[in-house]
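Trainee: Pasted the sequence and its predicted model underneath.
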Amino acid sequence: MNVFVARQPILDRKGMLVGYELLFREGLDNYFQTLNGDQATGRLISSSFFSMGIEQFTGGKKAFINFTDNLLKCDIATILPQDSVIIEILETVEPDPEIIEACKNLKKAGYQLALDDFVLTPAIIPLLQYADIIKVDFLATRPEHRRVLCERLGGKVKFLAEKVETVEAYQEALGIGYQYFQGYYFSKPVIIEGKDISLSQRNALRLLKEVYREEFDIEYIEQIIKADVSLSYKLIKFINSSFFGFKSKISSIRQALALLGHQELKKWVSLITMGNINEEKPHELVVEANIRATFAEALALELGLGEKSSEAFLMGLFSVIDAVLDQPMNDICKVLPLSDDIIRAFQGSKNVYRDILDLIICYEKGDWLKLNDIVNELNLVQMRIPQLYVQSLKKADLFIAQGIA
């Protein structure tokens, strides 16, 4: 069975990662082989999902998993470990006596429950006593409704603002007391007129600029890295990691640069600068950049693009640079040291890099129908997409574990 799993990060008020909502399907064609979709999803959770390993998707954080009424009544949730999941009750669930009893039993067993796309109605009130988290859709609700809910129920449960896609919505949610946030607010630029680049950003961008010069000066790059203890440490640690598997230990900066080669060096410098260019940003933004980079590279190789896979890696990595620098993408594109094709892709022009980026974004959002269209257009094999995504998660985790991001 092919399993498509996407994850959407959930952050707290400090920008720290608390968990992921997992979105999964058997395939892109919106079709289950069995007559009962709930039964199919139940088998998906108990077999294929666990055979892939929940840890590789959540990194030990909580997994928010959607449940329909039938799945709740069939007691499927108890297959999952209490300390690893939060049972997310869909808005389509009718809270009849059987559902209320199922939720009561889950609470007794130590599970946490979240109410998805919450709207306060008389019918939903019996479920409130078992809810730990209430999720409010910030695109589908009015501001006064979002505030009243938090004021009335905030002392009993925690509120999660979902589909938060602008900084204004994020600031509103913070101001009225929401504890958790889900959406793309952290990957949208906060435009501050006259904002200058701090010293650490200047140094990072200077190194990035040198790596992308047509006349590449490895001696000068070596001098820049040697003058920075942190850069030297990260480079030596990276080159000696299991990712490369060299038999003898590498302790020379020059030797490390020579072994990496120009293309891999560009990747390493890009990862370093992305991870350190703005430490005030949520760490999950750096994680997202790394996953996009490795996923884009894998997709490019799958498409037979060969050497252009390195360009795809950089495209994925810098696709969130607007959020990192708090500047509009169009402004950044004027100085970003990337190929014209990638710049055009960032500006919305249709090319293979834009297709790869759109595919990645659809996967992140769990927009399976649009993803299916892109997969067909690129003549990719459906079953390869989740495999490439899982490989990308592992590779990105390795980058981060080695301290290069």
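Mentor: Yes, it's here.
Trainee: What does the pLDDT read for the residue nearest to the spatial centre of the chain?
Mentor: With distances taken as CA atoms, centre = their mean, the residue of the chain nearest its centroid is Glu288 (4.3 Å). The model reports Glu288 with a pLDDT of 85.
Trainee: same check, this time on the one 4 residues further on
Mentor: At Arg292, the pLDDT value in this model is 92.
Trainee: Quickly note the distance from it to Ile356.
Mentor: Applying CB to CB, to the nearest Å, the value for Arg292 to Ile356 is 10 Å. Every residue, glycine included, has its C-beta placed from N, CA and C.
Trainee: Show me whatever sits in contact with both of those two.
Mentor: Gly316 (CB atoms under 8 Å, 6 or more residues apart in numbering).
Trainee: Quickly find the element holding Phe246.
Mentor: Under the criterion DSSP states H and E, no helix or strand holds Phe246.
Trainee: Measure how buried it is and give me the count.
Mentor: Residues lying near Phe246 (other CB atoms under 10 Å) number 13.
Trainee: wait, doesn't it sit right on Ile236?
Mentor: No: counting by CB atoms under 8 Å, Phe246 does not reach Ile236; the two are 11.7 Å apart.
Trainee: Leaving out sequence neighbours, find the closest residue to Ala140.
Mentor: Asp117 (7.1 Å; CB to CB, 6 or more residues apart in numbering).
Trainee: tell me which element the one you found is part of?
Mentor: With DSSP H and E as criterion, Asp117 is part of no helix or strand.
Trainee: Now it. Its backbone dihedrals?
Mentor: Main-chain dihedrals, Asp117, degrees, to the nearest 10: phi 50, psi 50.
Trainee: Tell me how many other residues surround it.
Mentor: Using other CB under 10 Å, Asp117 is surrounded by 17 other residues.
Trainee: what's the answer for the one 5 residues further on, then?
Mentor: Counted with other CB under 10 Å, residues neighbouring Pro122 total 6.
Trainee: same deal with Thr121?
Mentor: Quick note: Thr121 (other CB under 10 Å) scores 8 neighbours.
Trainee: Repeat that for the one 5 residues further on.
Mentor: Burial of Pro126 is recorded as 15 neighbouring residues (other CB under 10 Å).
Trainee: Can I get the helix ranked longest in the chain in PDB? Just the C-alpha atoms.
Mentor: As assigned by DSSP state H, the longest helix anywhere in the chain is helix 253-276. Provided in PDB are the C-alpha atoms of helix 253-276 (Å, rounded to 0.1, in the frame of the first residue of the first chain):
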ATOM      1  CA  ILE A 253      39.900  23.200   6.500                       C
ATOM      2  CA  ARG A 254      41.600  23.200   3.000                       C
ATOM      3  CA  GLN A 255      41.300  19.500   2.800                       C
ATOM      4  CA  ALA A 256      37.600  19.600   3.800                       C
ATOM      5  CA  LEU A 257      36.900  22.300   1.100                       C
ATOM      6  CA  ALA A 258      38.700  20.200  -1.500                       C
ATOM      7  CA  LEU A 259      36.800  17.000  -0.600                       C
ATOM      8  CA  LEU A 260      33.400  18.800  -0.700                       C
ATOM      9  CA  GLY A 261      34.000  20.300  -4.100                       C
ATOM     10  CA  HIS A 262      32.400  23.500  -5.400                       C
ATOM     11  CA  GLN A 263      28.800  22.300  -5.700                       C
ATOM     12  CA  GLU A 264      28.600  20.700  -2.300                       C
ATOM     13  CA  LEU A 265      30.400  23.600  -0.700                       C
ATOM     14  CA  LYS A 266      27.700  26.000  -2.100                       C
ATOM     15  CA  LYS A 267      25.100  23.700  -0.400                       C
ATOM     16  CA  TRP A 268      27.000  23.700   2.900                       C
ATOM     17  CA  VAL A 269      27.500  27.400   3.000                       C
ATOM     18  CA  SER A 270      23.800  28.000   2.000                       C
ATOM     19  CA  LEU A 271      22.700  25.700   4.800                       C
ATOM     20  CA  ILE A 272      25.000  27.400   7.300                       C
ATOM     21  CA  THR A 273      23.800  30.900   6.400                       C
ATOM     22  CA  MET A 274      20.200  29.900   6.400                       C
ATOM     23  CA  GLY A 275      20.500  28.400   9.800                       C
ATOM     24  CA  ASN A 276      22.300  31.300  11.400                       C
END
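Trainee: which helices and strands sit right next to the helix or strand following it?
Mentor: Remark: after helix 253-276, the chain's next helix or strand is helix 283-302, criterion DSSP H and E. Other elements packing on helix 283-302 under the criterion 3 or more CB pairs under 8 Å, 6 or more residues apart in numbering; DSSP states H and E are strand 4-12, strand 17-25, helix 253-276, helix 308-318, helix 321-325, helix 352-365, helix 384-401.
Trainee: Looking at those, spot the one closest to Ala300.
Mentor: Closest to Ala300 of the helices and strands packed on helix 283-302 is helix 308-318 (CB to CB; 3.6 Å).
Trainee: got the contact list for that closest one?
Mentor: So helix 308-318 is contacted by 263-264, 266-267, 270-271, 274, 289-290, 292-297, 299-301, 305, 336, 338-339, 341-342, 345-346, 353, 356-357, 360 (CB under 8 Å, 6+ apart).
Trainee: from the residues you listed, which would you call buried?
Mentor: 264, 266-267, 270-271, 274, 289-290, 292-297, 299-300, 305, 336, 338, 341-342, 345-346, 353, 356-357, 360 (16 or more other CB atoms under 10 Å).
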